[in-house]
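# no FASTA, just this:
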Ligand code: SF4
Ligand code: SF4
């Protein structure tokens, strides 16, 4: 067992409403007759209670974006941390890799008695449905960590609904098994409307079974050590996560449960039980019968429940892309704002307005539809300043004209007010109504930050890692007109060998030459955080360090 203090995430469960019905959901979604929605005062207390905690303070569901006050909650959580760069202002072609990149970029060395690398900041979990899309602007404004999974690719969940007593595990053995519970050791403590818990699942069980509630949500509750978990450990008696059981693909929407749990859920009049989507396992002589097991995957913290990070997102079937645009041509002058409001009113979500004579590219919808767009961003082109024809096909023939692409749900519009929009007379005034940092040129600069991560011509690069990722880095540097000046590797066997014209050295040597390179690439696809921390310890400035994913567009 782990003290919440040393966990990488502490969850605040703001609702257990969810629009999915995954098999074996940890939140036991579908078994409650009515979902709960945390009130703002409790949420505020929960967030404030975590002051000083070094990790991710995360909003969790169910699907948290279904909470009617999600935006208010997320903004309050975000207000606890300094503002960070938000690359999601730009359209994202490779959305899920950007999510991963932002996560990696925010890793830092934490020492709260235990040394580890993680994020100190706001986070959330979501299944990326329609309400996630609706709140995308707020989420990307404040969350450096997003635990996303659309559950459209196969992923495997273990059930909570099996008890150790039914498997005949004696007390002395049980305590050892319980204390090694992978979920408590690798995941989170939790806060529900009924208090704070040493383990997120204990909080879920307390909600479902109308338990006594958790510890008071007060500053520092998370500093408790396992010796202080006390009565809350009783919830483990009803929980199957520490046990060797099995998993099921979440898409089957079936919950596995033991006979004891079946009886409990029947008494609770569980809607999921009523829907028939359950499997009561047979237990013979303390063993789950083979025919009752759906998959026999061993489940452990060391083995991610999904093989590739990218599998969390099924772009082909995602609702995050936009394919419908309300288009109109507007004349500047009196009545411009009134007409603009009419277009906004007609739009389902996204609006494209152009000045007279401006012709959009024939493949405009197709091009824009390939990106996840931020509803907070105004994509805008002023043809007196640009003749870029990527989205406006006659941009090079016009000296004057505008095109704007935006969502009617943008916070800039809401804050400015639609009544004030009615009074504007020009495209320039529309731009002036927008939060300046959320304006992106509707041109070849559309997806700029992804390009900006590419190699800079004339810059000098050091590469840490001389395997395949290092080779990919050299390739990108050479193509981009940069120069590889150092290559280092921890593997002694490689020291002194040639690596694309430079001699591989020990990592420590980098600091002696720190002024001779502009950028250090951590060239390992999975060990970026470790390399970065070692580089930081050597004294290499943070701003000089990039990682290989940044190069592989
Ligand atoms: S999306 Fe998450 S919270 Fe919703 S049912 Fe699936 S596992 Fe549970
Ligand atoms: S057995 Fe269940 S309740 Fe106990 S620590 Fe593990 S996940 Fe939490």
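Perfect, I can see it now. These numbers were taken from a predicted model, which means no experiment stands behind them. Ligands and ions are numbered 1, 2, ... in the order given.

# show me where the stretch 451-553 of the chain has its helices.
For the stretch 451-553 of the chain, the helices defined by DSSP state H, counting those that start in this stretch occupy 468-479, 509-512, 528-538.

# if you count neighbours, what's buried in the second one?
When you say that, I think you mean helix 509-512. Judged by neighbour count (16 or more other Cβ atoms under 10 Å), helix 509-512 contains these buried residues: residue 510. In this view, the C-beta of every residue, glycine as well, is placed from N, C-alpha and C.

# now the first one
The neighbour-count criterion (16+ other Cβ under 10 Å) identifies 469, 470, 472, 473, 474, 476, 477 as the buried residues of helix 468-479.

# pick the one among these closest to ligand 2.
Of all the buried residues of helix 468-479, the one with the least separation from ligand 2 (Cβ to the nearest ligand atom) is residue 469, at 35.6 Å.

# isn't that closest one up against residue 528?
No: at 9.2 Å, residue 469 does not count as touching residue 528 under the criterion of Cβ atoms under 8 Å.

# of the buried residues of helix 468-479, which pair is most distant in space?
When those are compared pair by pair using Cβ to Cβ, the farthest-apart members prove to be 469 and 477, with a separation of 12.6 Å.

# which residue sits closest to the residue most central in space within the chain, ignoring its sequence neighbours?
Per Cα atoms, centre = their mean, the C-alpha nearest to the average position across the chain is that of residue 146, at 1.7 Å. Nearest non-adjacent residue to residue 146, counting by Cβ to Cβ, 6 or more residues apart in numbering: residue 99, 5.4 Å away.

# next one: residue 213
Among residues not flanking residue 213 along the chain, residue 194 sits closest, at 3.9 Å (Cβ to Cβ, 6+ apart).

# mind checking how far that neighbour is from ligand 2?
Residue 194 sits at a distance of 15 Å from ligand 2 (criterion: Cβ to the nearest ligand atom, to the nearest Å).

# can you pull the contacts of that residue?
For residue 194, the residues meeting the contact criterion (Cβ atoms under 8 Å, 6 or more residues apart in numbering) are 203, 206, 207, 211, 213, 214.

# how about the strands in the stretch 351-500 of the chain?
Residue ranges of the strands in the stretch 351-500 of the chain, as given by DSSP state E, counting those that start in this stretch, are 378-382, 402-407, 439-441, 460-464, 483-488, 498-499.

# so for ligand 2, which of those strands sits nearest?
The closest of those to ligand 2 is strand 460-464. By Cβ to the nearest ligand atom, the value is 37.9 Å.

# contacts for that closest one next, please.
For strand 460-464, the surrounding residues in contact (Cβ under 8 Å, 6+ apart) are 455, 470, 473-474, 477, 482-489, 499, 507, 510, 513, 516-524, 531, 535.

# any of these buried? List them.
For those, buried by 16+ other Cβ under 10 Å: 455, 470, 473-474, 477, 482-489, 499, 507, 510, 517, 519-524, 531, 535.

# show the overlap between the residues you listed and what lies near ligand 2.
Cross-checking the buried ones among the contacts of strand 460-464 against ligand 2 (Cβ under 6 Å from any ligand atom) gives no overlapping residues.

# show me what the helix or strand containing the residue nearest to residue 146 is in contact with.
Under DSSP states H and E, the secondary-structure element containing residue 99 is helix 95-105. Under the criterion Cβ under 8 Å, 6+ apart, residues 87-88, 92, 119, 144-146, 148, 309-310, 312-313, 315, 320, 372, 450, 528-529, 547, 549-550 lie in contact with helix 95-105.

# likewise for stretch 528-546?
Stretch 528-546 is contacted by residues 104, 107, 109, 117, 453, 464-465, 507-508, 510-511, 514, 517-522, 524, 547-549 when judged by Cβ under 8 Å, 6+ apart.

# before we move on, back to that, and the residue nearest to residue 213, what pLDDT?
Residue 194 carries a pLDDT value of 98.
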